[in-house]
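# pasting the sequence and the predicted model now:
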Amino acid sequence: MKSLALHILDIAQNSLRANARNVSIHVSESREKNLYRMEIIDNGEGIDPSVFSRVTDPFYTSRTTRKIGLGLPLLLQHAEQAGGSMEIESRPGKGCRVTAHFMLDHLDRPPLGDIAGIFRILMCSNPAIRFTYLHETDKGEYKIDSQQVINELGEHEIMKPLVQKLLKEMIAENLQSISVS
Amino acid sequence: MEKIKTLADLKKKSQDMKSRIELREKSNAENLIQVKVAMATCGIASGAKETMEYFMDELDKRNIDAVVTQTGCMGYCYAEPTVEVTLPGKEPIVFGYVNTQKANEIIEKYIRNGELVEGIIPVNYQTIDNK
């Protein structure tokens, strides 16, 4: 994974496979504390205690199409390489929360990447799921909620590529104004 | 170009540009072309996001009505990014190693003209496990 946005896309796929209806993504960064934190919270099925200890094992997966599962192990590796850590909290039926910390100025911290594009992909391919994205920086915060976008623009509009493109530009523009790094 | 900051700006802008879209809305849903991009860890790590955005933007630019969506891992991790294309009334076809260049070829040859291009993953492919 070349960027944190790709990790977010990847972890969100886990939430979708766990039949989550709500997926919220929260990124906060602080230059002062030298901290970059990202969190993906869903209300899906959660992780069964019997497999919980193995989710960061690259040779464990719940899929049947292949024998390895690298999503969480790769995120863990990236977090640890950048002086951080990763925690997973989950109970069956109660959803799941994945939190990764990084040192903001660490050379090995992946850049945020095209989070606006990722939000577009997630939202437009899963219109029935509510995605929220909150990004906090020292300069302020920006929040976008797919439910709000659909209410405002209409379900039909969202399927139009032009609207999707404008949506992506809008998110990128707003994130730029709070100077995300 | 004016910058879009809020959903209200977005709405206004999309209404201004509407006339161009209206023309294409007449085609009915059954005739839609479906493009599914495999979007699991293996796909994402190999650039499926770029491939998916390319399909979304280019099909629109070239005035081709299609639904671009995502799917999970199909087990062809070695050939990611993989893309499944379903033309109306035809069997789905899975293409492997679809970077933007390959995506362009798929749009121009297969989607436009029904001409097959290299890189098809055969449907009868089986892993040793489920022989």
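Arrived safely, thanks for sending.
# mind listing what's buried along the longest helix seen in chain A?
If each helix of chain A is counted by residues according to DSSP state H, the longest one is helix A:161-177. Neighbour-count burial for helix A:161-177, with 16 or more other CB atoms under 10 Å in any protein chain shown as criterion, is recorded at A:161-172, A:174-175. For every residue, glycine as well, the C-beta is placed using N, CA and C.
# so how many other residues sit close to residue A:38?
26 (other CB atoms under 10 Å in any protein chain shown).
# which residue comes closest to it once chain neighbours are left out?
The shortest distance from residue A:38 to any non-neighbouring residue, by CB to CB, 6 or more residues apart in numbering or on different chains, is to residue A:27 (4.7 Å).
# partner residues bridging that neighbour?
With DSSP bridges applied, residue A:27 shows beta-bridge pairing to residue A:38, residue A:135.
# how many residues are close by it?
The burial count for residue A:27: 24, using other CB under 10 Å.
# and chain A, which residues reach chain B?
A:1, A:6, A:9-10, A:13, A:17, A:63, A:65-66, A:69-71, A:74, A:114, A:117-118, A:120-121, A:124-125, A:148-149, A:152-153, A:157, A:159-167, A:169-170, A:173-174, A:177 (CB under 8 Å from any CB of the partner chain).
# go with 6 Å
Within chain A, the positions near chain B by CB under 6 Å from any CB of the partner chain are A:1, A:6, A:9-10, A:65-66, A:70-71, A:117, A:121, A:125, A:152-153, A:160-161, A:163, A:166, A:169-170, A:173.
# show me what counts as buried in the least confident helix or strand in chain A by mean pLDDT.
In chain A, the helix or strand scored least confidently by mean pLDDT, DSSP states H and E is helix A:155-158, which has a mean of 84. Within helix A:155-158, the residues scored as buried using 16+ other CB under 10 Å are A:157-158.
# check which helix or strand covers residue 118.
Reading this off chain A. Element membership for residue A:118 (DSSP states H and E) is helix A:115-125.
# list the buried residues in that helix.
Buried positions in helix A:115-125, judged by neighbour count with 16+ other CB under 10 Å: A:115-125.
# okay, the residues you listed in a markdown table with pLDDT next?
Formatted as a markdown table, the buried residues of helix A:115-125 follow (pLDDT from 0 to 100):
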| residue | pLDDT |
| --- | --- |
| A:115 | 95 |
| A:116 | 95 |
| A:117 | 94 |
| A:118 | 95 |
| A:119 | 95 |
| A:120 | 93 |
| A:121 | 93 |
| A:122 | 93 |
| A:123 | 92 |
| A:124 | 88 |
| A:125 | 88 |
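# chain A contacts on chain B?
B:3-4, B:7, B:10-11, B:13-14, B:21, B:41, B:44-45, B:52-53, B:56, B:60, B:69-70, B:73, B:75, B:77.
# are any of these buried, and which?
B:4, B:7, B:10-11, B:13-14, B:41, B:44-45, B:52-53, B:56, B:60, B:69-70, B:73, B:75, B:77.
# so where's chain B uncertain?
The model of chain B has pLDDT under 70 over residues B:1, B:18-30, B:124-131.
# same thing but at 90, please
The model of chain B has pLDDT under 90 over residues B:1-32, B:60, B:63, B:65-67, B:72-76, B:89-91, B:119, B:121-131.
# so where do the strands sit in it?
B:33-38, B:66-71, B:83-86, B:93-95, B:120-121 (DSSP state E).
# tally of neighbours for residue 5?
Chain wasn't specified; assuming chain A. By the criterion of other CB under 10 Å, residue A:5 has 25 neighbours.
# oops, wrong one, chain B.
By the criterion of other CB under 10 Å, residue B:5 has 12 neighbours.
# by contact count, what packs against the lengthiest helix in chain B?
Determined from DSSP H, the single longest helix within chain B is helix B:48-61. Other helices and strands packing on helix B:48-61, by 3 or more CB pairs under 6 Å, 6 or more residues apart in numbering or on different chains; DSSP states H and E, are strand B:33-38, strand B:66-71, helix B:100-105.
# in it, which residues are buried?
For helix B:48-61, by 16+ other CB under 10 Å, it's B:48-60.
# what of stretch A:61-76?
A:61, A:66, A:69-76.
# ditto for stretch A:124-134
Using 16+ other CB under 10 Å as the test for burial, stretch A:124-134 gives A:124-126, A:129-133.
# just give me the closest of these to residue B:82.
Closest to residue B:82 out of these is residue A:125 (15.7 Å), distances taken as CB to CB.
# surely that closest one is in contact with residue B:70?
Yes. Taking contacts as CB atoms under 6 Å, residue A:125 lies within contact range of residue B:70: 4.5 Å.
# residues touching the residue nearest the centre of chain B, list them.
Among the residues of chain B, the one closest to the centroid is residue B:35, at 3.7 Å (CA atoms, centre = their mean). Contacts for residue B:35 (CB atoms under 6 Å, 6 or more residues apart in numbering or on different chains) come out as B:55, B:66, B:68, B:85.
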